[in-house]
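how would this look folded up:
(chains A and B)
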Amino acid sequence: MREMAHLLWKKLNMSADSPMATVTDLAEYIEMGGLNEEFAWIRAQVADLRDSIIEPPAVLLPAIYEELDRMGRAQWLRSSPKWMAYAGGIAASAGALALATRTRRP
Amino acid sequence: MEVEMETLIEAAKDGDRAAFDEIVRRTYRNVFSLAVRLTGNEDDASDVTQEVYVRAFKAIKRFRGDAQISTWLYRICANCSSTFLKKRSRHRHAELDSDSSIADPHPDADPTLQVEGSDIRYRVDQAIRQLPERLRSVVVLRDAYDLSHQEIAKELDITESAAKVRLHRARKKLQSALGGLDDARDGTPVVEEAEHVS
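Residues are numbered from 1 along each chain as shown, chains lettered A, B, ... in the order given. The predicted structure follows:
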């Protein structure tokens, strides 16, 4: 297998960042089909994990809802023309105040 | 009577927040479990799970229903975990590489866990947690959550070939870690259909 992989590897001239950059990598890749059966037991055990629930902390669900609320509010604020006008007004007032304060400074 | 998931999805697409909340309530345990298996710990998994639903909320209108919503959420979870783990690894000084031993040098001293240690599922779970992140993600998504190589490659931002190679290495490491258990199986071989890499 390794000899075959070596020949193929030379022919393909794999680049260094290829997942099959070495002869060993390529040999493993070629062997995969044959090893599938050998891995059957492992695969069956890993598949069982899907039915095994890890209970989340009690605070997680409220935290998700809270984050969605916060995001929903932020989206509404961004999309609201009224808010944009209001925010623009505040920014203009703050700018004017800053300018006035700076002018008075000795 | 519980509302059908399809009805909830359609309502959520129309902007019904209560419907989206119900989708979250029905799915978050499974998403959290996947996140724990991808990140290796509950704290990181909580952050990832939260991010999954933020992204899902933003993208629900684009959910076409080609796959189950759980599969769609698993894909988002894989992507969020991958991004999270990349960020986390940048802040670490020492990182395990793919050739590191699976064996845990610091076995948990919790007596409850030691009792459970005799359970095969527990040991499989522990062996997966000990895998390097890049291998763990692929084997969990493929063998436990049944994502295709193409889906895994897309969400983890790797090539399909890389996904296959990592899967192979992960299985080899698991086989090595659980070798004794394999011998103790009940003698009923799992029938596999002939395939190249699955």
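
Show the contacting residues for residue B:179.
Listed by Cβ atoms under 8 Å, 6 or more residues apart in numbering or on different chains, residue B:179 has no contact partners. C-beta here means a position set from N, CA and C on the backbone, and glycine is covered the same way.

ok, 10 Å please
Taking Cβ atoms under 10 Å, 6 or more residues apart in numbering or on different chains as the criterion, residue B:179 is in contact with residue A:42.

Could you measure from it over to residue B:173?
11 Å (Cβ to Cβ, to the nearest Å).

Thought residue B:135 was touching residue B:173, still the case?
Yes. Contact criterion Cβ atoms under 10 Å: residue B:173 and residue B:135 qualify, at 6.6 Å.

Helices along chain B, start to end?
B:5-13, B:17-39, B:42-59, B:69-90, B:111-116, B:120-130, B:133-139, B:149-156, B:160-177, B:179-183 (DSSP state H).

contact partners of the first one?
The list of residues contacting helix B:5-13 from outside it, by Cβ under 10 Å, 6+ apart, reads B:2-4, B:16-27, B:56-57, B:60-63, B:65, B:68-70, B:72.

Kindly provide the whole-number mean pLDDT of it.
The average pLDDT for helix B:5-13 rounds to 94.

in it, what counts as buried?
Within helix B:5-13, the residues that count as buried by 16 or more other Cβ atoms under 10 Å in any protein chain shown are B:8-9, B:11-12.

returning to that earlier point: comparing the helices of chain B by mean pLDDT, which bottoms out?
helix B:111-116 (a mean of 50).

Which secondary structure state is assigned to residue A:54?
Secondary structure, DSSP: H, G, I helix; E, B strand; the rest coil: residue A:54 is coil.

Contact partners for residue A:72?
Contacts of residue A:72 (Cβ under 10 Å, 6+ apart): B:15, B:17, B:20, B:57.

What strand or helix carries it?
helix A:60-79 (DSSP states H and E).

For that helix, which residues meet the burial criterion?
Residues of helix A:60-79 classed as buried by neighbour count (16+ other Cβ under 10 Å): A:60-61, A:63-65, A:68.

Out of the residues you listed, flag the one nearest to residue B:80.
residue A:64 (13.0 Å; Cβ to Cβ).

ok, and which of the helices of chain B has the densest surroundings?
helix B:133-139 (a mean of 23; mean count of other Cβ atoms under 10 Å in any protein chain shown).

And that one, what does it pack against?
helix A:40-48, helix B:17-39, helix B:69-90, helix B:120-130, helix B:149-156, helix B:160-177 (3 or more Cβ pairs under 10 Å, 6 or more residues apart in numbering or on different chains; DSSP states H and E).

These into a markdown table, with extra columns for distance to residue A:98?
Listed next are these as a markdown table, based on distance: least, Cβ to Cβ, whole Å:
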| stretch | distance to residue A:98 |
| --- | --- |
| helix A:40-48 | 61 |
| helix B:17-39 | 39 |
| helix B:69-90 | 37 |
| helix B:120-130 | 55 |
| helix B:149-156 | 47 |
| helix B:160-177 | 54 |
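
who wins for proximity to residue B:47 among the ones you listed?
Nearest to residue B:47, of all those, is helix B:69-90, at 6.8 Å by Cβ to Cβ.
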